[in-house]
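*Asks:* structure, please.
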Amino acid sequence: MTAPTGTRVSLVIGGVKGIGAATSRKLAGEGPVFATYLRDEVAAAAFQAQAERDGLPIRTLQADVRTRAAVETLVKSVVAEAGGIDVAVFAAVSALLQSPLLLSEEGWSDVLNTNTAPFLWLGQQMANVGRERGRLIALTSPWSHRYVEGYGAIGPSKAALESLVVYLAAELASRGTTVNAVSGGLVNTALLRSLVPAKEIAAVVKKTPLGRIGEPEDIASAVSWLASEASGWMTGQVVTLDGGYFLC
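*Replies:* You can find the predicted model right below:
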């Protein structure tokens, strides 16, 4: 998938379902998008077919990014096909819900290797292949620094991810690449609906000043802005979208 002159090439890791899918579709309005998935071939095929029906320049790729070598291989394949990467978005997540008191070594390692480490490996690759005025963007969560039951692995992994945003922003600045994150509150995805009871979602809506939980497109719009030229003087930041939930 060759990028026409003047368009931006985007790589969205975890880009075929939920927020990642909305982000892939949003960025496809600016140029070719490579959207990765880990296991769900059915969802990836459906997403690819819909993108083709809509005329969107999206290519789905199977990729397990839990090792440095795998991220390097993925990036090299995208660069070989598209000529470079302008925007890299990290949207992959392990949804292991568990108390920190019950976490196994295997569970802890898997969450960090899924939710945090790939962003570091991606940052290293962007230092080498990112084009001028590149963008590196992560998706995180307000519960990285606030307690919520069952988030004993995911929360700390997202906190570490946010710290990496700061460090990679400083290291990549001399190359013209900005690094930022979007922190989304409850967002209406199939994953959320499968994990959080409807009555708990309703309680969040009641407490939220804007009167609703988020939609994937809300997060995708923020990512799109961070990927644009308009955000060129912003780096090392975490932007929170929660409908005002944490104001109250």
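
*Asks:* residue 224: what secondary structure?
*Replies:* Following DSSP: H, G, I helix; E, B strand; the rest coil, we place residue 224 in the helix state.

*Asks:* relative to residue 207, how far out is it?
*Replies:* 28 Å (Cβ to Cβ, to the nearest Å). C-beta coordinates here come from the backbone N, C-alpha and C atoms, glycine included.

*Asks:* what strands line up against the longest strand along the chain, and which way round?
*Replies:* For the chain, the longest strand by residue count, based on DSSP state E, is strand 130-140. Sheet pairing of strand 130-140 (DSSP bridges) gives strand 85-90 (parallel), strand 178-184 (parallel).

*Asks:* deepest-packed of these, please.
*Replies:* Mean neighbours per residue, mean count of other Cβ atoms under 10 Å, is largest over these for strand 85-90, with a mean of 27.

*Asks:* quick one: contacts of whichever helix or strand comes after that strand?
*Replies:* The C-terminal neighbour of strand 85-90 among helices and strands, as given by DSSP states H and E, is helix 105-115. Under the criterion Cβ atoms under 8 Å, 6 or more residues apart in numbering, residues 66-67, 92-94, 96, 98, 153-154, 157-158, 160-161 lie in contact with helix 105-115.

*Asks:* taking strand 130-140 as reference, get the angle to the helix ranked longest in the chain.
*Replies:* Criterion DSSP state H: the longest helix present in the chain is helix 154-172. Interaxial angle, helix 154-172 versus strand 130-140 (axes from the mean of the first three to the mean of the last three Cα atoms, to 10 degrees): 160 degrees.

*Asks:* check the offset of helix 154-172 from the chain's centre.
*Replies:* 13 Å (Cα atoms, centre = their mean, to the nearest Å).

*Asks:* same for it, what does it pack against?
*Replies:* helix 105-115, helix 117-129, strand 130-140, strand 178-184, strand 237-241 (3 or more Cβ pairs under 8 Å, 6 or more residues apart in numbering; DSSP states H and E).

*Asks:* ok, back up a step: kindly reformat the contacts of helix 105-115 as CSV containing neighbour count, pLDDT and distance to residue 143.
*Replies:* As requested, these are arranged in CSV below (neighbours: other Cβ atoms under 10 Å; pLDDT from 0 to 100; distance: Cβ to Cβ, whole Å):
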residue, neighbour count, pLDDT, distance to residue 143
66, 19, 96, 22
67, 13, 97, 27
92, 23, 95, 17
93, 21, 93, 12
94, 18, 92, 14
96, 19, 90, 14
98, 16, 92, 14
153, 26, 96, 11
154, 22, 95, 7
157, 25, 97, 11
158, 26, 98, 7
160, 17, 98, 13
161, 26, 98, 12
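
*Asks:* may I ask which two of those are separated the most?
*Replies:* Farthest pair in the contacts of helix 105-115 (Cβ to Cβ) is 67 and 98. Separation: 23.2 Å.

*Asks:* ok, back up a step: out of the strands paired with strand 130-140, which is closest to residue 167?
*Replies:* strand 178-184 (8.7 Å).

*Asks:* what's in contact with that closest one?
*Replies:* 19, 123, 133-142, 144, 161-162, 165, 168-169, 172, 214, 218-219, 222-223, 226, 231-232, 234-242.

*Asks:* so what's residue 195 scoring on pLDDT?
*Replies:* In this prediction, residue 195 carries a pLDDT score of 85.

*Asks:* same deal with residue 62?
*Replies:* In this prediction, residue 62 carries a pLDDT score of 97.

*Asks:* contacts only, for it.
*Replies:* Going by Cβ under 8 Å, 6+ apart, the list of residues near residue 62 reads 36-38, 41, 44.

*Asks:* can you tell me the centre-most residue of the chain?
*Replies:* When Cα atoms, centre = their mean is applied to the chain, the residue found nearest the centroid is residue 91 (2.2 Å).
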